[in-house]
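# Structure for the following, please:
(2 chains)
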Amino acid sequence: MKNKQEGFVKEIPKKSENISEWYTSVILKGELADYSPVRGCMVIRPYGYAVWENIQDYLNRRFKETGHKNGYFPMFIPESFLKKEAEHVEGFAPQVALVTKGGGENLTEPLVVRPTSESIICSMYAKWIRSYRDLPVLINQWCSVVRWEKTTRLFLRSAEFLWQEGHTVHRTPEEAEEETEKMLEVYREFAEDFLALPVLTGKKTDGEKFAGADHTYTIEALMPDGQALQSGTSHNLGSHFAKAFDIKFLDKDNVEKYPYQTSWGVSTRIIGAIIMTHGDDRGLAFPPKVAPVQVVIVPIFYGQKEAVLEKAAEIKRVLSEKFRVELDDRDEYKPGWKFNEWEMKGVPLRLEIGPKDIEKNQVVASSRIEEGKIQIPVDNLSESVEKLLDDIQNKFYARAKTFFDSHIFEASSREEIKEHIKAGRKGFYKTAWCGSEECAEKTAEETSTTSRCIERRETAGGLCAGCGKAAYKYLYFGRAY
RNA sequence: CGGGACGUAGCGCAGCUUGGUAGCGCACAGCGUUCGGGACGCUGGGGCCGGAGGUUCAAAUCCUCUCGUCCCGACCA
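Numbering: from 1, shown residues only, chains lettered A, B, ... in the order given. Just a heads-up that it's a prediction; the model follows:
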């Protein structure tokens, strides 16, 4: 038998040799997305959109479990709205697209295409909220937003991207903080359990927080080239927006007060993280839970086309009750070709069925993450497949976690960070930190990194890697996408 | 936004230096034989050479501009 390694889909660069080219190539060849005629915008093709739909299904379930409802707010925002919160406009103004004409006439006030929806949502909340009895407000929306990015990359950074943004309003700061942390935890579980992506969780330094937030929590994934990828954020907005948009409520004590808000979001960027983390030289590789196709059945005819197809169709029918299944009955390709094709497309589990298998009442199974094939009986196939997929999901996570853990480097000084970088040790640099914003910024600047997140756990009393004063938290640095 | 590279058939490329009938491989269509890790034979279709100007009897080829993509850096989810 031919060595498995030789049979790769042609024309995919090696991931290990040039991850950027590999990344673009697997997305295009895997038919996840394509470039659009508009600079910086991407077209998400059905196979890629299926990934997003799976993400939506999972997150919608989790959001609803935690009491949220979906709504929808317009994509056009009066320019003046963005300007109401000082930090907010400063953060987003350089990136906005502006509509100045409509119906052939100049608009009296230009409209911003939303880069994020805090401002328009707050303007509505101001209308809806009167009493503490109206709180909390827990609304999420699925939409696209536009940020005029200078350089773009498929999924990771595009001028328009899809996301969800939750916007909540609370009576007390404690409640808002609880919500912010709760949603961060939802995101962490989403990344780790659903997408098999290990992440750091923690708080952003003030320099890195959301424009207009009191503070921001983040999940930070690590890409195979050692670069960090901010993959989801949960912001505690305090009362900044409430004050800017005049959202007030009458509390139990008959005193008018400003409420406390949060917002949190995950975008299609995270699909980029899935691709980079799990893919390999053979192409895409999806963890079963998020895979557009979980099981592909490849029939092997050997002169018994009808009998084999009939059995394969029956197996598909049974498995389709629980799984996303594809039966590749195309005549024009040989099995070997199909194997490579579906591996390139990242399907986690393949079942082969031929005349010999029918005789033995079995199928041959092959996992995307391990070499070798196993035979499994057709009886109770659904249960066997479920176990296999669970096992594959765990192996995806374990593999990613091993990489992740081995790329967190401790550094007790700026020099040590530089030494790590110089020695080619790319990843997260874990430092003890005094808590000073200035100190963090200086470390970032000197080492050409950015601060990624502050671990919530306290240090055991070390010294700050920046200034040498007493440290109280751990701060991670890294290079980011 | 800087620095580099590249736009020729759906994809990957050659042709450009030295201007003169637009090519190769894969893919695609038809027929037949094949099918447990990318099968083969025969026949066939497909291009304003990214776009706009210019030079020339003549431009894929030379010149100018422009648009787009990729890679490497600075900013962002």
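# residue contacts, A:Pro348?
A:285-288, A:291, A:294-295, A:367-369, A:389, A:392-393, A:396 (Cβ atoms under 8 Å, 6 or more residues apart in numbering). To be clear about C-beta, it is placed using only N, CA and C from the backbone, and glycine gets the same treatment.
# Counting by contacts, list what the helix or strand encompassing A:Ile358 packs against.
Assigned by DSSP states H and E, A:Ile358 belongs to helix A:355-360. Judged by 3 or more Cβ pairs under 8 Å, 6 or more residues apart in numbering; DSSP states H and E, helix A:355-360 is in contact with helix A:305-320.
# circling back: would you show me how to pick out the buried ones of the contacts of A:Pro348 in PyMOL?
Buried members of those, defined by 16 or more other Cβ atoms under 10 Å, are picked up in PyMOL with:
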select buried, chain A and resi 285+286+287+288+291+294+295+367+368+369+389+392+393+396
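# Which one of the contacts of A:Pro348 is nearest to A:Lys101?
A:Phe286 (43.1 Å; Cβ to Cβ).
# give the contact list for the residue lying closest to A:Lys322 once chain neighbours are set aside.
With sequence-adjacent residues excluded and distances taken as Cβ to Cβ, 6 or more residues apart in numbering, A:Lys322 is closest to A:Ser382, at 5.8 Å. Applying Cβ under 8 Å, 6+ apart to A:Ser382 gives the contacts A:318-319, A:321-322.
# which of those count as buried?
Buried members of the contacts of A:Ser382, scored by 16+ other Cβ under 10 Å, are A:Leu319.
# As a check, name the ranges of all helices in chain A.
Taking DSSP state H, the helices of chain A run over residues A:19-29, A:46-65, A:79-82, A:86-92, A:118-128, A:173-189, A:240-245, A:269-278, A:305-320, A:335-344, A:355-360, A:381-405, A:414-422, A:437-447.
# buried stuff in the longest one?
Just to be clear, that refers to helix A:381-405. Buried residues in helix A:381-405, counted by 16+ other Cβ under 10 Å: A:381, A:384-385, A:388-389, A:392-393, A:395-397, A:399-400, A:403-404.
# nearest to A:Phe161, of those residues?
Relative to A:Phe161, the closest of those is A:Ala400; by Cβ to Cβ it sits at 23.3 Å.
# What distance do you get for that closest one to A:Thr277?
Per Cβ to Cβ, to the nearest Å, A:Ala400 is found 5 Å from A:Thr277.
# who touches both of the two?
By Cβ under 8 Å, 6+ apart, the residues touching both A:Ala400 and A:Thr277 are A:196-197.
# what's in contact with stretch A:92-103?
Contact with stretch A:92-103 is made by A:76, A:79, A:82, A:106-107, A:110-113, A:115-116, A:146-149, A:159, A:211, as judged by Cβ under 8 Å, 6+ apart.
# tell me, which of the residues you listed make contact with RNA strand B?
Filtering the contacts of stretch A:92-103 for neighbours of RNA strand B using Cβ under 7 Å from any atom of the strand leaves A:147, A:149, A:159, A:211.
# Give me the buried entries from the residues you listed.
By 16+ other Cβ under 10 Å, these give A:147, A:159, A:211 as buried.
# List the contacts of the residue nearest to the spatial centre of chain A.
The residue lying closest to the centre of chain A (Cα atoms, centre = their mean) is A:Ile270, at 2.3 Å. Taking Cβ under 8 Å, 6+ apart, we find A:Ile270 in contact with A:55, A:191, A:195, A:197, A:221, A:231-232.
# for A:His407, same thing?
By Cβ under 8 Å, 6+ apart, the residues touching A:His407 are A:222, A:226, A:425-428.
# Please apply the same query to A:Asp281.
Contacts of A:Asp281 (Cβ under 8 Å, 6+ apart): A:8, A:12, A:14-16, A:22.
# With A:Gln230 instead?
By Cβ under 8 Å, 6+ apart, the contact list for A:Gln230 reads A:218-220, A:452, A:480-481.
# just checking, which of the contacts of A:His407 belong to strands?
Residues from the contacts of A:His407 lying in strands, with DSSP state E as the criterion: A:222, A:428.
# Closest one of the contacts of A:His407 to A:Glu174?
Nearest to A:Glu174 among the contacts of A:His407 is A:Phe428, at 30.7 Å by Cβ to Cβ.
# Run a quick neighbour tally on that closest one.
23 (other Cβ atoms under 10 Å).
# Tell me the bridge partners for it.
Here A:Phe428 sits in beta bridges with A:Ile408, going by DSSP bridges.
# about what we covered before: just the contacts of A:Pro348: which are in strands?
If you go by DSSP E, the contacts of A:Pro348 have A:285, A:295, A:367 in strands.
# Not counting sequence-adjacent ones, nearest residue to A:Cys467?
The shortest distance from A:Cys467 to any residue other than its chain neighbours is 5.0 Å, reached at A:Cys439 (Cβ to Cβ, 6+ apart).
# Actually, A:Glu85.
Spatially, and ignoring its direct neighbours in sequence, A:Glu85 is nearest to A:Ala244 (4.2 Å; Cβ to Cβ, 6+ apart).
# ok, now which ones touch that neighbour?
Taking Cβ under 8 Å, 6+ apart as the criterion, A:Ala244 is in contact with A:84-85, A:88, A:122.
# can you pull the contacts of the residue nearest to A:Cys467?
Applying Cβ under 8 Å, 6+ apart, the residues contacting A:Cys439 are A:433, A:464, A:466-467.
# same deal with A:Phe190?
By Cβ under 8 Å, 6+ apart, the residues touching A:Phe190 are A:58-59, A:62, A:232, A:266.
# If we only consider these, which is nearest to RNA strand B?
A:Gly232 (7.6 Å; Cβ to the nearest atom of the strand).
# The closest one bridge partners, please.
The partner list for A:Gly232 in beta bridges (DSSP bridges) reads A:Ile219.
# Ignoring the adjacent residues along the chain, who's closest to the most far-flung residue of chain A relative to its centre?
Going by Cα atoms, centre = their mean, the residue of chain A most distant from its centre is A:Gly303, 45.7 Å out. Excluding the flanking residues, the one nearest A:Gly303 by Cβ to Cβ, 6+ apart is A:Pro355, at 7.8 Å.
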